[in-house]
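*Asks:* Just need the structure, nothing else, for what follows:
(2 chains)
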Amino acid sequence: MPTLEVVTLLATESLTKTYGGRVTALTDLTVSVEPGIIGLVGANGAGKSTLIKILLGLLAPTSGRVSVLGLDPTVDPAAVRARVGYMPEHDALPPDLSAAELVTHLGRMSGLPRTVARERASEALRHVGLHEERHRAVGGYSTGMKQRVKLAQALVHDPDLLLLDEPTNGLDPAGRDAMLALIHRIGTEFGISVLVCSHLLGEVERICDTLVAIDGGRLLRADRVAAMTSATDVLAVEVSEGTEDLAARLAGIGLPVSREGRLLLVPLADDATYDQIIGAVAELDLPLHRLDQRRHRVAELFATREPSHV
Amino acid sequence: MSEPTGVIHDIGYQRYTGPRLGRRYVFGALYVHGLRTAFGLGRSAKAKIFPWLVMGIVLVVAAGLTAVRTQTGQVVMTYAQFADAMSWLVIFFVAVVGPELVSRDLLSGVLPLYFSRPLPRGDYALAKLGALGTALWLLLGAPQLVMFLGAAFTTKDGLPGVWTELGDLLPGLLYAALWAVVFASVGLLIASFTGKRAFAAGGIVAVFLMTAPIVGILSIMPSRTVNELAMLGSPTALIHAVGQYTLGDLLVPGGQAEDQIGGFGPVYVAAAVLLVAGCVALLLLRYRKVATR
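*Replies:* You can find the predicted model right below:
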């Protein structure tokens, strides 16, 4: 019987990184993820950038093992970097070059022949939504355009994996949405795996297949987003009075109800749940204030996990 | 579902399956890019002004010397002496171009984009060093070539005269290479420490000019040995001393070379080698650390 083999995109094993023997950036991090769009979330200083730099072979781990696309960046960083595109968090663009010149040059630095580099640079810039502007000096670009240039240079050599460090930094809400949509397109239509680093969970959970959460250099949780959010849709019911009665009534008809302040939360099994609740409210003749479906944000899943590592 | 023909449509993302060239190609591309940057090629018109002004001056001087020689038959300057005479321009050229090559990259934060690619860090530094060295060599070598062509076409001794002339030119070009190597390695090392181009330029000018008085002081000390070793005091004088030792008459006509450096010629050669090796080692060390966090 053939077994379904799942390719591992990234894997770390007891990965630890301390700076100068005192500051610990990563502690005993063991995680393994499959290709797709991966969100790496954690507060500022949680160790996200350190992890990315270890994956690129720019930093050597203090201990533990790491593999990227089946390669070991501590042994053969050049081979890893040839197949990876990196978008740094901070400003990285010389102001007096045009986007087309810069991306072409960096394409050649990745080993693309001259004409190929030029073609792929304008293609990459087109894919990120820069057209005529690409021949203007980068110094005059908006933050959003600069972020797009940084993304284009990571894409120019057709990597198998993109490492994006806070790609929505400094963008306004519309710019954030556009950037996230672009990343989602790269991960799905282009067939390139993406690791998106962000301190904003709500942002990346929308586009990711997999979430890896780290805090203080430790792994909080890593799982498929589907596995985290399935069976977590709940109905929130609020009545102006008689909350206790309704809770008892719902429990009586077999619904696992829970209290959250003035709200009653009922897991949504299927559409019949709505009818059951409305039926109960009607029977008790209570003034229904609101009844809406609430999608459990992944943040709540992490929040409930956090106290467990006290 | 078939696409309609004759319509421009988005062909979507194309994967790349063609060749990915190796380390030597990338090094070469970065070196050529640096050399073009040194002369402002592929950059704004403003960036071209300074390098070509300097290049223009040295070429005009060379043309002038050639004209004097063909008219009066008097050799005002040998090929090797030409480099010494242009030392001020060389210092300013390094002070402007060195920071242009490395400080700009430090300030703009573009280094992570280089170092996240297969190119090793040392290759980045060495390609920039090679570009600056080549630019300096061209700056001092091109005018010598002008002088040579002028002399070769006007020589009255026929082909043997051309050969004699060539025999003078080649040591001159080698001496220019010594200038290029020393100035490039010292200048680029200083420039690599700051992203501010003005600071880098100031630092380079300071190191090359402020060290000159040291040589002056040492050369009037009441000790012959100290006098003869005085030219270790500054990079410019060091180059000159090595030139005196190796080129002799071509640099200091009249056999006065011995008077200035005594028997310390090998010491000067060793010092020059150590200076260049030390600067290159520090430069590589600098680039192992820079932009890692």
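*Asks:* Find the closest residue to chain B in the stretch 201-310 of chain A.
*Replies:* Closest to chain B within the stretch 201-310 of chain A is A:Gly217: 15.0 Å, counting by CB to the nearest CB. From N, CA and C alone the C-beta is placed, and that goes for glycine too.
*Asks:* just checking, that residue touches A:Ala43?
*Replies:* No: between A:Gly217 and A:Ala43 there is no contact under CB atoms under 8 Å: 11.1 Å.
*Asks:* These two: who's more crowded?
*Replies:* A:Gly217 (23 against 12; other CB atoms under 10 Å in any protein chain shown).
*Asks:* Report pLDDT for the more buried one.
*Replies:* For A:Gly217, the model assigns a pLDDT of 88.
*Asks:* For burial, what's the neighbour tally of residue 244?
*Replies:* As the question left the chain open, I've gone with chain A. 10.
*Asks:* not quite, I wanted chain B
*Replies:* Other residues lying near B:Gln244 total 23 when counted by other CB under 10 Å.
*Asks:* what sits against it?
*Replies:* Counting by CB atoms under 8 Å, 6 or more residues apart in numbering or on different chains, B:Gln244 makes contact with B:251-252, B:257, B:260-261, B:265.
*Asks:* same thing with B:Val110?
*Replies:* Contacts of B:Val110 (CB under 8 Å, 6+ apart): A:92-94.
*Asks:* So which of those sit within helices?
*Replies:* Among the contacts of B:Val110, no member is found in helices (DSSP state H).
*Asks:* Please, a ChimeraX command that selects the buried ones among the residues you listed?
*Replies:* In ChimeraX syntax, the buried subset of these is picked out as below (16 or more other CB atoms under 10 Å in any protein chain shown):
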select /A:92,93,94
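*Asks:* out of everything not next to it in sequence, what's closest to B:Arg43?
*Replies:* In space, and not counting its chain neighbours, B:Arg43 is closest to B:Thr37: 6.6 Å by CB to CB, 6 or more residues apart in numbering or on different chains.
*Asks:* OK, contacts around the one you found?
*Replies:* Here B:Thr37 is in contact with B:43, B:100-101, B:131 (CB under 8 Å, 6+ apart).
*Asks:* likewise A:Asp96?
*Replies:* A:137-139, B:43-44, B:47.
*Asks:* Now do residue 55: how many residues are near it, please.
*Replies:* No chain was given, so I picked chain A. Counted with other CB under 10 Å, residues neighbouring A:Leu55 total 25.
*Asks:* not quite, I wanted chain B
*Replies:* 18.
*Asks:* so where do the helices sit in chain B?
*Replies:* Going by DSSP H, chain B shows helices at B:23-38, B:45-72, B:79-85, B:87-108, B:111-115, B:121-154, B:158-191, B:197-210, B:212-219, B:224-228, B:235-247, B:257-261, B:265-289.
*Asks:* would a markdown table of those helices with mean pLDDT be doable?
*Replies:* As requested, those are exported to a markdown table (pLDDT from 0 to 100):
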| stretch | mean pLDDT |
| --- | --- |
| helix B:23-38 | 96 |
| helix B:45-72 | 91 |
| helix B:79-85 | 88 |
| helix B:87-108 | 93 |
| helix B:111-115 | 94 |
| helix B:121-154 | 94 |
| helix B:158-191 | 92 |
| helix B:197-210 | 93 |
| helix B:212-219 | 88 |
| helix B:224-228 | 85 |
| helix B:235-247 | 89 |
| helix B:257-261 | 67 |
| helix B:265-289 | 94 |
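*Asks:* Tell me how many other residues crowd the closest residue to chain B within the stretch 151-300 of chain A.
*Replies:* Of all residues in the stretch 151-300 of chain A, A:Asp158 sits closest to chain B, at 3.8 Å by CB to the nearest CB. A:Asp158: 22 surrounding residues under other CB under 10 Å.
*Asks:* Contacts only, for it.
*Replies:* A:120, A:192, B:15-16.
*Asks:* Apart from its chain neighbours, what residue comes closest to A:Gly70?
*Replies:* A:Thr8 (7.2 Å).
*Asks:* Could you verify that that neighbour is part of a strand?
*Replies:* No: A:Thr8 is assigned coil when assessed by DSSP: H, G, I helix; E, B strand; the rest coil, not a strand.
*Asks:* burial count for it?
*Replies:* Neighbours of A:Thr8 under the rule other CB under 10 Å: 14.
*Asks:* Now do the contacts for it.
*Replies:* A:32-34, A:67, A:70.
*Asks:* same thing but 10 Å
*Replies:* Taking CB atoms under 10 Å, 6 or more residues apart in numbering or on different chains as the contact definition, A:Thr8 lies against A:32-35, A:67-70.
*Asks:* Also B:Tyr124?
*Replies:* Applying CB under 10 Å, 6+ apart, one finds that B:Tyr124 lies in contact with A:109, B:26-27, B:30, B:34, B:102, B:105, B:111, B:114-115, B:117, B:284, B:287, B:290.
*Asks:* Which neighbours in the sheet does whichever helix or strand A:Lys17 is part of have, and how are they oriented?
*Replies:* Element membership for A:Lys17 (DSSP states H and E) is strand A:10-19. Sheet pairing for strand A:10-19, assigned by DSSP bridges, gives strand A:23-33 (antiparallel), strand A:63-68 (antiparallel).
*Asks:* any idea which of these scores lowest on pLDDT?
*Replies:* strand A:23-33 has the lowest average pLDDT among the strands paired with strand A:10-19, namely a mean of 91.
*Asks:* tell me which residues of that strand are tucked away?
*Replies:* Buried residues in strand A:23-33 (16+ other CB under 10 Å): A:24-27, A:29, A:31, A:33.
*Asks:* Could you single out the nearest of those to B:Pro235?
*Replies:* A:Ala25 (41.6 Å; CB to CB).
*Asks:* looking at it, the closest one is touching A:Ala46, isn't it?
*Replies:* Yes: counting by CB atoms under 10 Å, A:Ala25 touches A:Ala46, with 8.9 Å between them.
*Asks:* any common contacting residues for these two?
*Replies:* Joint contacts of A:Ala25 and A:Ala46 (CB under 10 Å, 6+ apart) are A:216-217.
*Asks:* Share the number of residues neighbouring B:Leu232, please.
*Replies:* Around B:Leu232 there are 20 residues (other CB under 10 Å).
*Asks:* May I have the residues that are in contact with it?
*Replies:* B:Leu232 neighbours (CB under 10 Å, 6+ apart): B:214-215, B:218, B:238, B:241, B:261, B:264, B:267-268, B:271-272, B:275.
*Asks:* Spell out, range by range, the strands that occur in the stretch 151-300 of chain A.
*Replies:* Using DSSP state E, counting those that start in this stretch, the strands of the stretch 151-300 of chain A run over A:161-165, A:193-198, A:210-215, A:218-224, A:234-239, A:258-260, A:263-267, A:288-294.
*Asks:* Before I go, just wanted to say thanks for your time.
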